[in-house]
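# Here's a sequence, model it:
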Amino acid sequence: MRGCGRESINTEPKVITKIETKWDTIAIVKNVYVPKWKTKIIKEVDSILINTPIDTLEILKDYYAKNIFIDEIVLDSLGVITITDTVYKNTIWKRGIKSNILVPTTLITEEIYLNNREFYWGIGLSGRSDQINYVGGELLYKDKKKQIYGLGLGINQDFKPVISGKLYWKLGK
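Predicted coordinates:
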């Protein structure tokens with residue numbers, strides 16, 4: 001529709017699209033690690049040097065000590081995996097895994113506003129090439145069924161008031 005050669009009236013529904021990105025943390029199932037003994041390597045020694053002092057308490061203290069090793073694996077922009085191993089009596093006594101991996105989940109939602117009620121206003125002019133029959137202001141109202149109603153108030157060439165009414169229907173789809 002066009003009124004007085006001005007811009008067209010849009011009767012299409014308005015669509016608003018929202019894109020949300022939600023970061024979810026992945027939980028890792030923790031399995032209990034039980035070390036399995038595969039082979040034992042024994043080094044043959046001929047003799048022990050008498051000049052080398054051997055402190056048995058230091059050896060036993062080191063043997064019974066719990067050594068904790070922490071390893072961090074950085075995964076580009078997804079997060080970090082931290083592995084904590086505890087070594088006790090020369091075996092892996094305990095293993096812990098913590099992860100901070102974030103995986104993006106993109107949610108795309110569309111909100112459709114079907115056929116809003118709208119008001120328009122403007123001016124109207126009618127007549128022939130040698131005379132103007134009507135000049136005035138007009139209001140248009142579009143309802144949800146895409147029907148448009150118009151009401152105008154103006155004057156004619158004799159400066160008498162003129163009231164006009166209009167009704168529009170959409171053609172096609």
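# ok, residue 132 - how many residues close by?
For residue 132, the count of nearby residues is 12 (other CB atoms under 10 Å). To be clear about C-beta, it is placed using only N, CA and C from the backbone, and glycine gets the same treatment.
# ditto for residue 118
Residue 118: 13 neighbours (other CB under 10 Å).
# correct me, but it touches residue 142?
Yes. Look at residue 118 against residue 142 with CB atoms under 8 Å: they come within range, at 4.6 Å.
# if I look at residue 19, how far off is residue 102?
18 Å (CB to CB, to the nearest Å).
# what about these two, which has more around it?
When residue 19 and residue 102 are compared for neighbours, residue 102 comes out ahead with 16 against 8, by other CB under 10 Å.
# List the buried residues in the strand or helix carrying the more buried one.
Element membership of residue 102 [criterion: DSSP states H and E] is strand 91-113. Residues of strand 91-113 classed as buried: 95, 99, 102 (neighbour count, 16 or more other CB atoms under 10 Å).
# now it, how far from the chain's geometric center?
14 Å (CA atoms, centre = their mean, to the nearest Å).
# Alpha carbons only: can I get it in PDB?
C-alpha atoms of strand 91-113 as PDB (Å, rounded to 0.1, in the frame of the first residue of the first chain):
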ATOM      1  CA  THR A  91      54.100 -47.100  43.600                       C
ATOM      2  CA  ILE A  92      51.200 -44.800  42.500                       C
ATOM      3  CA  TRP A  93      49.200 -44.800  45.700                       C
ATOM      4  CA  LYS A  94      46.500 -42.300  44.600                       C
ATOM      5  CA  ARG A  95      45.500 -40.500  41.400                       C
ATOM      6  CA  GLY A  96      43.100 -37.500  41.200                       C
ATOM      7  CA  ILE A  97      41.800 -35.800  38.000                       C
ATOM      8  CA  LYS A  98      40.100 -32.400  38.000                       C
ATOM      9  CA  SER A  99      38.800 -30.800  34.800                       C
ATOM     10  CA  ASN A 100      37.600 -27.400  34.000                       C
ATOM     11  CA  ILE A 101      36.600 -28.000  30.400                       C
ATOM     12  CA  LEU A 102      34.000 -25.600  29.100                       C
ATOM     13  CA  VAL A 103      32.000 -26.600  26.000                       C
ATOM     14  CA  PRO A 104      29.900 -23.900  24.300                       C
ATOM     15  CA  THR A 105      26.200 -24.600  23.600                       C
ATOM     16  CA  THR A 106      24.600 -22.200  21.200                       C
ATOM     17  CA  LEU A 107      20.900 -21.600  21.600                       C
ATOM     18  CA  ILE A 108      19.100 -19.800  18.800                       C
ATOM     19  CA  THR A 109      15.600 -18.600  19.600                       C
ATOM     20  CA  GLU A 110      13.200 -16.700  17.400                       C
ATOM     21  CA  GLU A 111      10.400 -14.500  18.700                       C
ATOM     22  CA  ILE A 112       7.800 -13.800  16.000                       C
ATOM     23  CA  TYR A 113       5.400 -11.000  16.600                       C
END
